[in-house]
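Engineer: no sequence on hand, only this structure:
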């Protein structure tokens, strides 16, 4: 059995209040496990040093400041500095449930993998809108449920809000690339290409606060849609028809309203039936009428934002002769610490 020494890798950018919540959840972890927490300040102007100083009395924390080169490069920086041989990567806007490490070790001791992807869930303290966003990002009806742990896959594409990689996987791949977002599926696919073992740990969850307003959430899913065709270009075998579904949904929605003047309402009726299904499923899941109503709206935002970004990115890739980083300059960081 491989001896596992954990280093948690957490990049942060101008979010000390999130770091405080996350570190507080570390204090409340169950079990007797040794671990290191590596926090990388990625060029922040509003730093977390005071918060880190308070929690350093209770937790083994290494804290570094560096120039802003993006979350992927910051995670690589942290893994190079870390003392452990297995890295668990978290976003700063996550909270750990108390059984996080117990569930992690149960999984990894049962079957060691070089890369795992955990899932995310909603915390009771989240706002109604955050709960609706979480539902939209994890429900089987909107994403196939893979981010919520409804699919058990040996080749799960881990996401960096809750992801683990071995020292071996880091050394062989070089870690994250300089694209953002999209650096996590890219790394997961490169790990798979090397035939290193990976798996979804569907009981190793975090509470993920996500974006807290409509504008930020739209921008997030739009960027997800923009980078997916880039990932598909790098990894053609990963291209799936399901990535086109939000774009098809966007076309269908436009068509449904366009047919109203012709007194053809069946497509629009199907849209309303799907909305009702989202409402009912969210109501059962969250037990809140308000969250269920918001879930219809956040699902619409996800389909429109992702679908439009996906179409735009494919158009740029098809009709521009420049290299990918020049085509999408806003989605690549320059790694120049």
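Structural biologist: Sure thing, it's come through. Bear in mind that the values here come from a model prediction, so they are computed numbers and not experimental data. Residues are numbered from 1 along each chain as shown.

Engineer: in the helix or strand hosting residue 249, which residues are buried?
Structural biologist: For residue 249, the host element (DSSP states H and E) is helix 245-258. For helix 245-258, a neighbour-count test (16 or more other CB atoms under 10 Å) marks 245, 246, 247, 249, 250, 252, 253, 256 as buried. Using the backbone N, CA and C atoms, a C-beta is placed for each residue, glycine as well.

Engineer: angle of the helix or strand hosting residue 267 against helix 245-258?
Structural biologist: For residue 267, the host element (DSSP H and E) is helix 266-286. For helix 266-286 against helix 245-258, the angle by axes from the mean of the first three to the mean of the last three CA atoms, to 10 degrees is 130 degrees.

Engineer: all helices of the stretch 51-200 of the chain, in order?
Structural biologist: Secondary structure of the stretch 51-200 of the chain (DSSP state H, counting those that start in this stretch): helices located at 71-81, 100-110, 128-138, 140-143, 167-173, 183-193.

Engineer: quick one: which of those helices is nearest residue 281?
Structural biologist: Nearest to residue 281 among those is helix 140-143 (5.8 Å), distances taken as CB to CB.

Engineer: work out the gap between the closest one and the centre of the chain.
Structural biologist: 15 Å (CA atoms, centre = their mean, to the nearest Å).

Engineer: packing partners of it?
Structural biologist: Contacting helix 140-143 under the criterion 3 or more CB pairs under 8 Å, 6 or more residues apart in numbering; DSSP states H and E are the following elements: helix 128-138, helix 266-286, helix 289-319.

Engineer: would a markdown table of those helices with mean pLDDT be doable?
Structural biologist: Shown next, in a markdown table, are the helices and strands packed on helix 140-143 (pLDDT from 0 to 100):
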| stretch | mean pLDDT |
| --- | --- |
| helix 128-138 | 92 |
| helix 266-286 | 96 |
| helix 289-319 | 96 |
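
Engineer: just put those in a markdown table and tack on distance to residue 237 and mean neighbour count.
Structural biologist: Output for the helices and strands packed on helix 140-143, formatted as a markdown table (distance: least, CB to CB, whole Å; neighbours: other CB atoms under 10 Å):
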| stretch | distance to residue 237 | mean neighbour count |
| --- | --- | --- |
| helix 128-138 | 25 | 24 |
| helix 266-286 | 31 | 15 |
| helix 289-319 | 17 | 20 |
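
Engineer: now distance to residue 220 too, for the ones you listed, in a markdown table please.
Structural biologist: Output for these, formatted as a markdown table (distance: least, CB to CB, whole Å):
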| stretch | distance to residue 220 |
| --- | --- |
| helix 128-138 | 9 |
| helix 266-286 | 19 |
| helix 289-319 | 8 |
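
Engineer: quick one: end-to-end distance for stretch 166-185.
Structural biologist: From its first residue to its last, stretch 166-185 covers 16 Å (CA to CA, to the nearest Å).

Engineer: list of residues touching that stretch?
Structural biologist: Applying CB atoms under 8 Å, 6 or more residues apart in numbering, the contact partners of stretch 166-185 are 69-73, 75-76, 79, 84-87, 114-115, 157-160, 163, 186-187, 190-191, 194, 196, 220, 223-224, 227-228, 230-231, 238, 331-335.

Engineer: same question for stretch 64-71.
Structural biologist: With CB under 8 Å, 6+ apart as the test, stretch 64-71 has contacts from 11, 13, 38-44, 47, 74, 77-78, 81, 160, 176, 178, 180, 183, 333-337.

Engineer: now swap in stretch 290-308 and tell me
Structural biologist: The contact list for stretch 290-308 (CB under 8 Å, 6+ apart) reads 128-129, 131-133, 135-137, 141-142, 214, 217-222, 224-225, 246-251, 253, 275, 278-283, 286.

Engineer: returning to what we had before: tell me the one of the buried residues of helix 245-258 nearest residue 123?
Structural biologist: Closest to residue 123, out of all of the buried residues of helix 245-258 and judged by CB to CB, is residue 246, at 26.6 Å.

Engineer: okay, the residue lying closest to that closest one once chain neighbours are set aside and residue 255: tell me how far apart.
Structural biologist: Excluding its sequence neighbours, the residue lying closest to residue 246 (CB to CB, 6 or more residues apart in numbering) is residue 307, at 3.6 Å. The gap separating residue 307 from residue 255 is 13 Å, by CB to CB, to the nearest Å.

Engineer: list the buried residues in the least confident helix or strand in the chain by mean pLDDT.
Structural biologist: Across the helices and strands of the chain, mean confidence by mean pLDDT, DSSP states H and E is lowest for helix 140-143: a mean of 84. Buried positions in helix 140-143, judged by neighbour count with 16+ other CB under 10 Å: 141, 142, 143.

Engineer: just to revisit the earlier point, relative to helix 289-319, how tilted is the helix holding residue 249?
Structural biologist: If you take the same axes, to 10 degrees, helix 245-258 sits at 110 degrees to helix 289-319.

Engineer: now helix 245-258: how far from the chain's centre is it?
Structural biologist: Using CA atoms, centre = their mean, the offset of helix 245-258 from its chain centre is 26 Å.

Engineer: contacting residues around that helix?
Structural biologist: 225, 267-268, 270-271, 302-304, 306-308, 310-311.

Engineer: nearest to residue 319, of those?
Structural biologist: Nearest member of the contacts of helix 245-258 to residue 319, counting by CB to CB, is residue 311, at 12.4 Å.

Engineer: now do the same contact list for that closest one.
Structural biologist: Counting by CB under 8 Å, 6+ apart, the residues that residue 311 touches are 225, 247, 250.
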